[in-house]
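Visitor: structure of the sequence below:
(chains A and B)
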Amino acid sequence: AQSVTQPDIHITVSEGASLELRCNYSYGATPYLFWYVQSPGQGLQLLLKYFSGDTLVQGIKGFEAEFKRSQSSFNLRKPSVHWSDAAEYFCAVEVDAGNMLTFGGGTRLMVKP
Amino acid sequence: DAGVIQSPRHEVTEMGQEVTLRCKPISGHNSLFWYRQTMMRGLELLIYFNNNVPIDDSGMPEDRFSAKMPNASFSTLKIQPSEPRDSAVYFCASSLGEWSYGYTFGSGTRLTVV
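Guide: Residues are numbered from 1 along each chain as shown, chains lettered A, B, ... in the order given. This next block holds a predicted model:
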């Protein structure tokens, strides 16, 4: 069965610093890949998604993610973090037409002033 | 579009009482998902529907939980009787039903069973 691993449970960065959140998946083929963000008290919001083609995808709020097939990774990046980016981030994969997403455990991002 | 609408936003109930959570998916979406989120277990898929038909309910914890989708615009998740360990945030999500679009989540219902 497919699985998604987010190795970092918590990450703290300073405002203005760059950010990279890691995501690794386990699946034989290339799945569809997603990043979601959850602000406190809110549902999950889709940041970006990868299906095929260019391995660097752009999302909302200045985020981007790069798919690396050789590493089975789909890491999320942002060049300069804002205090409003403090939230929990979830990586997810979709591997068949059953429309089922498998979520990682999440990474909680804290932003220092 | 107003997005996925869940009600109530917060529910506090006593152990043993029946609880009903409601969800209105985005118009035109034909897949609907119920998730539960807790600190200990993270996001858990409880059940999902495709074209109003339950496809996979293997995540439903036990017989106390039931879900229905009588039409394309409404779904309920019922817990009867409720227990303190059911306290969690319950999310509803919908999608177009074709893979590659991802889900749109509601804002969730925070359930507290005392």
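
Visitor: any idea what residue A:11 is bridged to?
Guide: residue A:109 (DSSP bridges).

Visitor: next one: phi and psi at the closest residue to chain A within chain B?
Guide: Residue of chain B nearest chain A, by Cβ to the nearest Cβ: residue B:105 (3.5 Å). To be clear about C-beta, it is placed using only N, CA and C from the backbone, and glycine gets the same treatment. As for residue B:105, its main-chain torsions (degrees, to the nearest 10) stand at phi -100, psi 150.

Visitor: cool, residue B:77 as well?
Guide: The phi/psi pair for residue B:77 (degrees, to the nearest 10) reads phi -120, psi 120.

Visitor: OK, contacts around it?
Guide: B:20-21, B:23, B:34, B:46-47, B:65-67, B:90, B:92 (Cβ atoms under 8 Å, 6 or more residues apart in numbering or on different chains).

Visitor: inside helices: which ones of these?
Guide: Within these, no residue falls in helices by DSSP state H.

Visitor: most surrounded residue in those residues?
Guide: Neighbour counts for the contacts of residue B:77, by other Cβ atoms under 10 Å in any protein chain shown, peak at residue B:92, which reaches 30 neighbours.

Visitor: show me what the helix-or-strand element of chain A with minimal mean pLDDT is packed up against.
Guide: Taking mean pLDDT, DSSP states H and E as the measure, chain A has strand A:101-103 as its least confident helix or strand, at a mean of 87. On a contact count with 3 or more Cβ pairs under 8 Å, 6 or more residues apart in numbering or on different chains; DSSP states H and E, strand A:101-103 meets strand A:3-5, strand A:87-94.

Visitor: hmm, 10 Å instead?
Guide: On a contact count with 3 or more Cβ pairs under 10 Å, 6 or more residues apart in numbering or on different chains; DSSP states H and E, strand A:101-103 meets strand A:3-5, strand A:32-38, strand A:87-94, strand B:31-38, strand B:42-50.

Visitor: turn these into CSV, including mean pLDDT.
Guide: Below are the helices and strands packed on strand A:101-103 laid out as CSV (pLDDT from 0 to 100):
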stretch, mean pLDDT
strand A:3-5, 91
strand A:32-38, 94
strand A:87-94, 94
strand B:31-38, 94
strand B:42-50, 91
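
Visitor: and these: which comes nearest residue B:75?
Guide: strand B:31-38 (5.3 Å; Cβ to Cβ).

Visitor: ok, and for that closest one, which residues are buried?
Guide: Using 16 or more other Cβ atoms under 10 Å in any protein chain shown as the test for burial, strand B:31-38 gives B:31-37.

Visitor: how distant is that strand from the center of its chain?
Guide: 5 Å (Cα atoms, centre = their mean, to the nearest Å).

Visitor: is any part of that strand close to chain A?
Guide: Yes - if you take Cβ under 10 Å from any Cβ of the partner chain as the test, strand B:31-38 does meet chain A, through B:31, B:33, B:35, B:37.

Visitor: ok, and the closest non-adjacent residue to the residue in chain A that chain B sits nearest to?
Guide: Closest residue of chain A to chain B, Cβ to the nearest Cβ: residue A:43 (3.5 Å). Of all residues not flanking residue A:43 in the chain, residue B:105 sits nearest, at 3.5 Å (Cβ to Cβ, 6 or more residues apart in numbering or on different chains).
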